[in-house]
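[1] Sequence first, predicted model second:
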There are 2 protein chains.
Amino acid sequence: MSTPADLAELDRHIAVSRVDDGRWSADLRAAWSVGGGLNGGYLLAVLGNAVRAALPQTPDPLVVSAYFTAAAVAGPAEVSVEVKRTGRSRTTVAAELSQQGSARVSALATYGDLAGLPAQVLTTAQRPAMPPVEECVPSTLAPEEVQAIAPLMSRFEMRFHPEQVGWAVGSPSGEGVLSAWFRLPDREPDAISLLGAVDALPPVTFPLGMPGWAPTLELTAHVRAVPAPGWLLLRHETRNMAGGLFEEDCEVWDAAGRLVAQSRQLALQPRPA
Amino acid sequence: MSTPADLAELDRHIAVSRVDDGRWSADLRAAWSVGGGLNGGYLLAVLGNAVRAALPQTPDPLVVSAYFTAAAVAGPAEVSVEVKRTGRSRTTVAAELSQQGSARVSALATYGDLAGLPAQVLTTAQRPAMPPVEECVPSTLAPEEVQAIAPLMSRFEMRFHPEQVGWAVGSPSGEGVLSAWFRLPDREPDAISLLGAVDALPPVTFPLGMPGWAPTLELTAHVRAVPAPGWLLLRHETRNMAGGLFEEDCEVWDAAGRLVAQSRQLALQPRPA
C-alpha cells in the first residue's frame, strides 16, 4: 500500500474518502486555480476519482459528461454517486460535486474496464504533426506574473507547438488550434488523469487573439484506452465560434501514438477586455 | 392555437402533458422504431420537448447529454425534469425518460434562448461538399423489407451522397463518412427537431461494411442556432474505432449554410453477424 507521502501530487489532490455508500469527501486544492477559479479538468478528475472509488468492478471512465453550474473554490467538497444502471461490463452513474450543500458540477458517466476491451484498433485519425518535445516552447517561459495568477501551470509540464504559441508574446496565430506536449512531473498518465488533461491547456481562444476566461458550460470526455507511459500530445481545436459560444475539441494522443481520449466542450466566448 | 390535427407528425409524436411541476407524460410511438428498438434521436426529441415545456423562459436546448441505459418501447413514458441551476439566460436540468418506473434515458441539459444570442458568426468550419438534392439517393429506394423493419425511415426524407451509399447495394465505401440531405415532410426544422436529426441517419459503420445495430451509450448535442427553413445537410464521421467502441460525430448544416448543430456519440461497434 502506498502511504500519502508516496503518492504523486495529483493523486493526493484528487483523493477522496468514503462518507457512506453514495457519498465521498474531497479537499479541493488552491494549487489548481487559474485566475481565481479552480480548473475544470481538476474538478473532473476529482469527480471521476470518486466515481472510480464507488465502482471498483468498473474502475475506468469510458465517457463522462460534466455540466459546470457554479464556480468551485479551494476547500472541502463532497461528491455524490448514484448508480443509474449496472451491467456486466459497464456502469452508468449520476455524480455531483458540491460545496456547502450547493452543486458545482453535475455529471453523468459510464464506467467500464479499459483493459478488458477488445484489442482491435481501427482508428483512422492521424496523429497531428508536432515538433519534438525539445523544440517546443515550455510553459515555464511564461512571465512570472502570469504564473502567479495561474498556479495550475505549475502542476504539469507543457511544451507548446512553436507556431501556435504566438499569443504568449502578443502575436496570436489567428487559427483556432493549440497543441502541446503534456506530462505530470511525478507520475505516468492513467484514465483518471486524462480527465484532467483534456481541460489543462489555455483556451483555444488564446491563439484566436481572445485572451480572458472562457467558462465551460459542458464538457464530455471519451476515454478510449489506458495511455502508454510518457508524454501526451494534446490538440485543441475550435471550428464553430458563433452566438457568443464556441466548441472546443480536444484529442489526447499517447506516447505509443494512440488516440486515447477525445473531448468536446461548449464554452462561453471571452468578453472583450 | 393549433389543434392536434394541425400539428406536424413529429410534434404529435413528441407531445408531452404536464403531470406535476417536475413530471411530464408522453406516448412513445412505434412509428419511430428501427429493428425492434425506438430511435435514440426520437427519444432525445421527446425528452428535449419535455424540458422545453418545463422551462418556458429558456425554451431552446443549447447542449444535451443523454445516456441510453435501457431500450425504450412504444407506449406510455414519463419524463422527469429537475432544475440544477437557473440563471438569467440559461437553465441547467437533469432529465430522465422512464417507462414502467425504470430509467431508459438519463440526461443533463442546459437550455437558453437561441434567438437571444449575439448575432456574430465566426465559424471557420466549411460546409462539406455535397451534390444537389436531386442528384442524391433517396431512402425510398431501399428494399421494401428494409423499410418494413425500419418504420423510422418513413418519418423523414433522406437523400444520400451517391458516393457514400454503396453499402445499400453491398458495396460499402470503406470510409467512415455518411452524408445526407434531410427534412421532415410536413414542417420546417427547429431546435427540438435537430435533437432528432443528429441520430436519424444509419450508423456511420454501414459505409465501413459493418451492418447491424450500433447501440448508443452516450450522445451529446450542441444546438447552436435556430435552423433556417429548408433541407438540412447531415454529415456523420467516425475517426476512432477501437476497443469495440466508436465515436460518431454529426454536423448539421442548415439551408442558409450555417453549422446549426454538432453532436458526438459513443457507440458500441456492431458485432459481426
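    Here it is on my side, so go on.
[2] and the host helix or strand of A:L108, what's its mean pLDDT?
    Applying DSSP states H and E as the criterion places A:L108 in strand A:102-112. In this model, strand A:102-112 carries a mean pLDDT of 98.
[3] cool, stretch A:67-79 as well?
    In this model, stretch A:67-79 carries a mean pLDDT of 97.
[4] how about the strand holding A:L108: buried residues?
    Using 16 or more other Cβ atoms under 10 Å in any protein chain shown as the test for burial, strand A:102-112 gives A:A103, A:R104, A:V105, A:S106, A:A107, A:L108, A:A109, A:T110, A:Y111, A:G112. Placement of C-beta: from N, CA and C, glycine included.
[5] So which of those would count as near chain B as well?
    Contacts with chain B are made by A:A103, A:S106, A:A107, A:L108, A:T110 out of the buried residues of strand A:102-112, judged by Cβ under 8 Å from any Cβ of the partner chain.
[6] residues in contact with the third one?
    Yep, that's A:A107 we're talking about. Contact analysis of A:A107 by Cβ atoms under 8 Å, 6 or more residues apart in numbering or on different chains lists A:L44, A:L47, A:V64, A:S65, A:A66, A:Y67, A:A94, A:A95, A:E96, A:L97, B:L108.
[7] ok, now with 6 Å
    When contacts are counted by Cβ atoms under 6 Å, 6 or more residues apart in numbering or on different chains, A:A107 is found next to A:L47, A:V64, A:A66, A:A95.
[8] Please name every helix or strand in contact with the least confident helix or strand in chain A by mean pLDDT.
    Counting by mean pLDDT, DSSP states H and E, the weakest-scoring helix or strand in chain A turns out to be helix A:144-149, with a mean of 82. Applying 3 or more Cβ pairs under 6 Å, 6 or more residues apart in numbering or on different chains; DSSP states H and E, one finds that helix A:144-149 contacts no other helix or strand.
[9] Format the CA atom coordinates belonging to stretch A:76-90 as CSV.
    What follows is the C-alpha trace of stretch A:76-90 in CSV, where atoms were taken according to Å, rounded to 0.1, in the frame of the first residue of the first chain:
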residue,chain,number,x,y,z
PRO,A,76,-13.9,20.8,1.4
ALA,A,77,-16.2,19.2,-1.2
GLU,A,78,-18.5,16.3,-1.5
VAL,A,79,-19.1,14.0,-4.5
SER,A,80,-22.4,12.1,-4.6
VAL,A,81,-22.6,9.0,-6.8
GLU,A,82,-25.9,7.5,-7.8
VAL,A,83,-25.9,4.3,-9.8
LYS,A,84,-28.3,4.5,-12.8
ARG,A,85,-27.6,1.2,-14.3
THR,A,86,-25.3,-1.7,-13.6
GLY,A,87,-24.4,-4.1,-16.4
ARG,A,88,-21.9,-6.9,-16.8
SER,A,89,-19.2,-4.7,-18.1
ARG,A,90,-20.4,-1.1,-17.7
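[10] Check the offset of it from the chain's centre.
    Distance of stretch A:76-90 from the chain centroid (Cα atoms, centre = their mean, to the nearest Å) equals 19 Å.
[11] which of the residues in that stretch are buried?
    Applying 16+ other Cβ under 10 Å to stretch A:76-90 flags A:A77, A:E78, A:V79, A:S80, A:V81, A:K84, A:R85, A:R90 as buried.
[12] Intersect those residues with the contacts of chain B.
    The overlap between these and the neighbours of chain B (Cβ under 6 Å from any Cβ of the partner chain) comes to A:K84, A:R85.
[13] so of the buried residues of stretch A:76-90, which ones are in strands?
    Secondary-structure check on the buried residues of stretch A:76-90 using DSSP state E: residues within strands are A:A77, A:E78, A:V79, A:S80, A:V81, A:K84, A:R85.
[14] So which of those is the closest to chain B?
    Using Cβ to the nearest Cβ, A:R85 is the member of those that lies nearest chain B, at 3.9 Å.
[15] So that closest one is in contact with B:Y67, correct?
    No - taking Cβ atoms under 6 Å as the definition, A:R85 is not a contact partner of B:Y67, at 8.3 Å.
[16] can you list residues touching both of those two?
    Counting by Cβ under 6 Å, 6+ apart, the residues touching both A:R85 and B:Y67 are A:T92.
[17] what sits against the residue most central in space within chain A?
    Among the residues of chain A, the smallest C-alpha distance to the mean C-alpha position (Cα atoms, centre = their mean) belongs to A:G196, namely 2.5 Å. For A:G196, the contacting residues are A:G41, A:Y42, A:A45, by Cβ under 6 Å, 6+ apart.
[18] Can you get me the centre-to-centre distance for whatever helix or strand it lives in and its chain?
    Here A:G196 sits within helix A:191-197, counting by DSSP H and E. Its chain's C-alpha centre and that of helix A:191-197 lie 5 Å apart, by Cα atoms, centre = their mean.
[19] Following it in sequence, what is the next regular element?
    Later in the chain than helix A:191-197, the nearest helix or strand by DSSP H and E is strand A:216-223.
[20] residues from the stretch 1-150 of chain A in reach of chain B?
    A:63, A:65, A:67, A:69, A:84-85, A:92, A:103, A:106, A:108, A:110, A:117-118, A:121-125.
[21] Walk me through the regions of the stretch 101-250 of chain A where pLDDT falls short of the threshold, as ranges.
    Counting by pLDDT under 70, the stretch 101-250 of chain A contains no low-confidence residues.
[22] The residue located most distally from the centre of chain A and chain B, how far apart?
    When each C-alpha in chain A is compared with the mean C-alpha position (Cα atoms, centre = their mean), A:R88 comes out farthest, at 27.7 Å. To chain B, A:R88 is 13 Å away according to Cβ to the nearest Cβ, to the nearest Å.
[23] With A:N240 instead?
    Plainly put, A:N240 is 5 Å away from chain B if you go by Cβ to the nearest Cβ.
[24] how about the nearest residue to A:Q262 once chain neighbours are set aside, what does it touch?
    In space, A:Q262 comes closest to A:H222 once its chain neighbours are excluded; the distance is 4.9 Å by Cβ to Cβ, 6 or more residues apart in numbering or on different chains. Counting by Cβ under 6 Å, 6+ apart, A:H222 touches A:V63, A:Q262, B:E247, B:L266.
[25] how about A:L152, secondary structure?
    helix (DSSP: H, G, I helix; E, B strand; the rest coil).
[26] what's the closest non-adjacent residue to it?
    Excluding the flanking residues, the one nearest A:L152 by Cβ to Cβ, 6+ apart is A:V34, at 4.2 Å.
[27] State the phi and psi torsions of the one you found.
    The phi/psi pair for A:V34 (degrees, to the nearest 10) reads phi -150, psi 120.
[28] Farthest pair within the ones in strands among the buried residues of stretch A:76-90?
    A:A77 and A:R85 (25.6 Å; Cβ to Cβ).
[29] quick one: the helices in chain A?
    A:9-13, A:40-54, A:144-149, A:191-197 (DSSP state H).
[30] if we compare these, which one ends up closest to A:P211?
    Counting by Cβ to Cβ, A:P211 lies closest to helix A:144-149 out of those; the figure is 10.7 Å.
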